[in-house]
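Chemist: structure, please.
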Amino acid sequence: MGMEIERRFLVRGDAWRSLGAGTEYRQGFLSTVKERVVRVRIAGDRATLTVKGVAVDLARPEFEYPIPIEDARILLDTLCERPLIEKTRYRIDHGGLTWEVDEFRGENQGLIVAEVELNDARQAVDLPPWVGQEVSEDSRYFNSNLVRVPFSRWGVGRESV
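Modeler: Residues are numbered from 1 along each chain as shown. Predicted coordinates for the structure are as follows:
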């Protein structure tokens, strides 16, 4: 069984922009219930189907499978919940880890989040200077929840982002 352990942070400033190349992502969800999330994703010229379970202490079971890109397009266009998640992901190496900075578009325009995958939930992390508030346990920032309540609709409380 695969296990995903990640921490998520808001990004501040633009210093990160010159540190990594971006890849266009388009993704949608076939299921966004708490017990299981089923995601379809096209990242550049690759497509995957991912199933994730419930998170416990930053860790959750994750199973990811490559699928034909044309199948992913059909699933995204016909079966996935709306709105789809559109973003550019930048991969940036810092402190021996690879950070993934997601700059969202569409209904989540204005949101920029950095994620780092870990081997252990207690693993020490050297935070880059462009990383701000940690939001790992704030479920609003899960991509599956950004489908249900996009960033553009947050209204109250959004000013703190």
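
Chemist: could you export the longest strand along the chain as CSV, CA atoms only?
Modeler: Longest strand of the chain, by residue count under DSSP state E: strand 22-33. Provided in CSV are the C-alpha atoms of strand 22-33 (Å, rounded to 0.1, in the frame of the first residue of the first chain):
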residue,chain,number,x,y,z
GLY,A,22,6.1,24.8,-14.3
THR,A,23,3.9,22.0,-15.6
GLU,A,24,0.3,22.5,-16.5
TYR,A,25,-2.2,20.4,-14.5
ARG,A,26,-5.8,19.7,-15.1
GLN,A,27,-7.6,17.5,-12.7
GLY,A,28,-11.0,16.4,-11.5
PHE,A,29,-12.6,14.2,-9.0
LEU,A,30,-14.9,11.2,-9.5
SER,A,31,-15.5,11.1,-5.7
THR,A,32,-14.8,13.7,-3.0
VAL,A,33,-16.4,11.9,0.0
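
Chemist: enumerate every residue touching the residue positioned nearest the centre of the chain.
Modeler: Centre of the chain computed as the mean C-alpha position; nearest residue by C-alpha atoms, centre = their mean is residue 143, 5.4 Å away. Going by C-beta atoms under 8 Å, 6 or more residues apart in numbering, residue 143 touches 27, 29, 39, 85. (Glycine included, C-beta is placed from N, CA and C.)

Chemist: where does it land on pLDDT?
Modeler: Note on residue 143: pLDDT of 95.

Chemist: number of nearby residues for the nearest residue to residue 69 once chain neighbours are set aside?
Modeler: Spatial nearest neighbour of residue 69, excluding adjacent residues (C-beta to C-beta, 6 or more residues apart in numbering): residue 47 at 4.4 Å. Residue 47 is flanked by 22 other residues according to other C-beta atoms under 10 Å.

Chemist: beta partners of residue 47?
Modeler: Beta-bridge pairing of residue 47 under DSSP bridges involves residue 42.

Chemist: need the contacts of residue 143 in TSV (columns: neighbour count and distance to residue 59).
Modeler: Output for those, formatted as TSV (neighbours: other C-beta atoms under 10 Å; distance: C-beta to C-beta, whole Å):
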residue	neighbour count	distance to residue 59
27	22	21
29	25	20
39	22	18
85	24	22
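
Chemist: kind regards, and thank you for your time.
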